[in-house]
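Student: Model the structure of this input:
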Amino acid sequence: MKNRFPDAGRRGAGFWIAAAAALLAFATSIVYRVSYAGNMYYSFTVFLLLLLCLPVPAVMFLTKTDGFAPAVLTALTAAALLAFIYATYFDISVVLVGIDKTGFDPEFIVCAVLITLSFLLSEVSVYTKYRKDAPEQEAAS
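Tutor: Residues are numbered from 1 along each chain as shown. Prediction:
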């Protein structure tokens, strides 16, 4: 049987960091959906962008265009982070101005940290080596 992924052993740190970022973003989408469902600060855009962070790079891997997966993943997580800030802007401003003396809700802190971590991981994966160098073959003289 022919190996469908002959260079699977040549994956560098960038691939594994991108995979971790994609899994974290996918898990964050579930946490976000559960935490903010029915809340006035819930945004379906944030949920959808985070949800797409797993299947899009996976499809890119299967179609052998995975060299661009870290950049696409970074774009998705950055858009999700900005959409999250936009969706919760009123809540942020109310807490920062001092109108709400209780502070941020735990759901907000958890989601903000998870979305930011998935963005940072995907950003790091862009700048790390995605594939290991091929071993040089010595020519027989």
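
Student: From here on, just use CA atoms for contacts and neighbour counts.
Tutor: OK.

Student: by contact count, what packs against the helix or strand harbouring Phe90?
Tutor: Using DSSP states H and E, Phe90 falls within helix 89-97. Packed against helix 89-97, as judged by 3 or more C-alpha pairs under 8 Å, 6 or more residues apart in numbering; DSSP states H and E, are no other helices or strands.

Student: pLDDT averaged over that helix, what's the number?
Tutor: Rounded to a whole number, the mean pLDDT of helix 89-97 is 84.

Student: Can you give me the buried ones in it?
Tutor: 91-92 (16 or more other C-alpha atoms under 10 Å).

Student: What distance do you get for Val97 to Ala87?
Tutor: Going from Val97 to Ala87 by C-alpha to C-alpha, to the nearest Å gives 17 Å.

Student: Let me see the contact set for Asp91.
Tutor: Residues in contact with Asp91 (C-alpha atoms under 8 Å, 6 or more residues apart in numbering) are Tyr41.

Student: Strands along this protein, start to end?
Tutor: Along the chain, counting by DSSP state E, no stretch forms strands.

Student: so where is it shaky, pLDDT-wise?
Tutor: Low-confidence segments of the chain, defined by pLDDT under 70: 1-10, 101, 133-141.
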